[in-house]
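Undergrad: Can you look at this prediction? I've put the sequence above it.
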Amino acid sequence: MKDEQQLLENQQEETGVSRRSFLKTVTGTAAGIGISQVLNPALIYALEKGLKKHPVLWIQGQGCTGCSVTLLNSTSPPIADILLKIISLQFNPTVQVSEGEMAMENLYGIAEEYEGRFSLVVEGAIPVAENGKYCIVGEMDHKEISMVDVMKQLGPKAGSVLAVGTCAAYGGIPAAQGNITGATGVMDFFKAEGIKTPVVNIPGCPPHPDWIVGSLVYLLKDGIPKLDGVGRPTLFYGENIHDNCPRVPMYDEGELSNTLSDPKGCRVDLGCKGPETYADCYKRKWNGGLNWCVDNAVCIGCVEPHFPDGVSPFYEPA
Ligand code: FSX
Ligand code: SF4
Ligand code: SF4
């Protein structure tokens with residue numbers, strides 16, 4: 001214990017936490033795959049020194065609020081610690097107390113005060129049809145403010161944007177076949193509007209809370225992480241699910257599940273999209289590390305740009 005304390009003090013005296021140890025923390029090690037180590041006191045020290053100065057404004061467009069809920073369900077670290085010790089969340093319509101005009105003034109006021117230094121988290125797609133009328137996020141001076149307005153006004157002022165969830169990243173469910181709202185992901189919206197603010201995509205329907213918190217902390221501390229060809233941090237989305245799935249030996253042997261309740265066997269004949277999906281669910285797991293989709297069902301490829309149309313049907317009876 002005494003040695004640990006000394007180590008901690010040494011770490012704090014140096015830089016709080018090194019880039020290498022931070023990376024190790026968020027990518028997981030043999031000992032622990034979560035980001036609970038993010039809360040090790042040395043890192044908290046580093047974070048409190050720096051990150052508190054960078055407000056996070058979380059806005060919601062066309063989504064189901066599942067992305068906020070996934071963050072609120074974070075147990076490792078607990079959500080209270082995330083909000084109090086890791087990020088300075090200044091606006092989120094689901095959890096904030098203020099509402100109406102006061103909330104909108106707060107949103108715009110912080111964006112003004114911290115221009116170029118705040119992170120904008122976008123949850124849900126942006127409906128561009130009909131001049132943005134499909135998604136009104138608030139009012140100021142008796143004038144409706146649409147998601148399109150907020151993105152046009154705050155997008156260029158943000159230091160960085162985190163597109164949280166497949167809807168915000170690529171359009172997702174709101175952009176599926178039959179969509180009449182012009183639902184668009186952040187990168188495509190920015191491209192069309194000529195907005196140059198860097199965007200990091202954190203897809204998933206919803207995304208894992210570790211992917212959100214880990215990317216946000218990385219962004220605030222070290223800048224834009226290494227991204228793959230579709231804008232996702234390779235830290236979390238760099239590996240193929242099928243290649244790493246514990247059921248691969250069964251796939252190779254042709255031992256296939258006939259039903260979802262079959263505890264053994266590969267799920268490929270039931271519609272598993274693991275072979276075309278890139279994320280670390282197989283090792284990170286969900287629900288506090290309890291299980292993941294392939295344990296009880298199939299991977300439906302929820303992190304991929306072509307979700308949901310390109311991966312439908314999700315389930316195929318064998
Ligand atoms: Fe989309 Fe967020 Fe899917 Fe829902 O709001 S990513 S519909 S789980 O949660 O935007
Ligand atoms: Fe691949 Fe899915 Fe089979 Fe796992 S269950 S081996 S991810 S096809
Ligand atoms: Fe999404 Fe597949 Fe991961 Fe499940 S296993 S969360 S469907 S990427």
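TA: Nice, I can see it. Ligands and ions are numbered 1, 2, ... in the order given.
Undergrad: Skipping adjacent residues, who's closest to residue 305 in space?
TA: Nearest residue to residue 305, sequence neighbours excluded (C-beta to C-beta, 6 or more residues apart in numbering): residue 170, at 4.3 Å. All C-beta spots, glycine's among them, are computed from the backbone N, C-alpha and C.
Undergrad: Hmm, residue 185 and that neighbour touching each other?
TA: Yes - with contact defined as C-beta atoms under 8 Å, residue 170 counts as touching residue 185 (4.4 Å).
Undergrad: Mind listing the shared neighbours of those two?
TA: In terms of C-beta atoms under 8 Å, 6 or more residues apart in numbering, residue 170 and residue 185 are both contacted by the residues residue 201.
Undergrad: Around ligand 2, pick out the residues from the stretch 101-250 of the chain.
TA: Counting by C-beta under 6 Å from any ligand atom, the residues of the stretch 101-250 of the chain close to ligand 2 are 241-242, 245, 247-248.
Undergrad: mind redoing it with 5 Å?
TA: Proximity of the stretch 101-250 of the chain to ligand 2, by C-beta under 5 Å from any ligand atom, involves residues 242, 245, 247-248.
Undergrad: Please, where are all the strands along the stretch 51-200 of the chain?
TA: Along the stretch 51-200 of the chain, counting by DSSP state E, counting those that start in this stretch, strands occupy 55-60, 88-91, 119-123, 126-127, 136-140, 143-146, 160-164, 183-184, 199-202.
Undergrad: which one of the ones you listed is the most hemmed in?
TA: Among the strands of the stretch 51-200 of the chain, strand 126-127 has the highest mean neighbour count (mean count of other C-beta atoms under 10 Å), at a mean of 30.
Undergrad: what about residue 294, which SS state?
TA: Classification of residue 294 by DSSP: H, G, I helix; E, B strand; the rest coil places it in helix.
Undergrad: Can you name the residues that contact it?
TA: Residue 294 is in contact with 241, 245, 247, 267, 272, 274, 281-282, counting by C-beta under 8 Å, 6+ apart.
Undergrad: what about it, distance to ligand 2?
TA: Distance, residue 294 to ligand 2, using C-beta to the nearest ligand atom, to the nearest Å: 5 Å.
Undergrad: Next: residue 290.
TA: Remark: distance between residue 290 and ligand 2 (C-beta to the nearest ligand atom) = 18 Å.
Undergrad: Quick one, which of the residues of the stretch 101-250 of the chain next to ligand 2 are buried?
TA: 242, 245, 247 (16 or more other C-beta atoms under 10 Å).
Undergrad: Redo those as JSON lines? Include pLDDT and secondary structure.
TA: JSON lines is the format used below for those (pLDDT from 0 to 100; DSSP: H, G, I helix; E, B strand; the rest coil):
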{"residue": "242", "pLDDT": "98", "secondary structure": "helix"}
{"residue": "245", "pLDDT": "98", "secondary structure": "coil"}
{"residue": "247", "pLDDT": "97", "secondary structure": "coil"}
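Undergrad: The closest residue to ligand 2 within the stretch 51-200 of the chain - how many residues pack around it?
TA: Closest approach between the stretch 51-200 of the chain and ligand 2, counting by C-beta to the nearest ligand atom: residue 166, at 18.7 Å. When neighbours are counted by other C-beta atoms under 10 Å, residue 166 registers 31.
Undergrad: what sits against the nearest residue to it once chain neighbours are set aside?
TA: Taking C-beta to C-beta, 6+ apart, and ignoring the residues beside it in sequence, residue 166 has residue 172 as its nearest neighbour in space, at 3.7 Å. Neighbouring residues of residue 172 by C-beta under 8 Å, 6+ apart: 63, 125, 165-166, 183, 185, 203, 205, 307-308.
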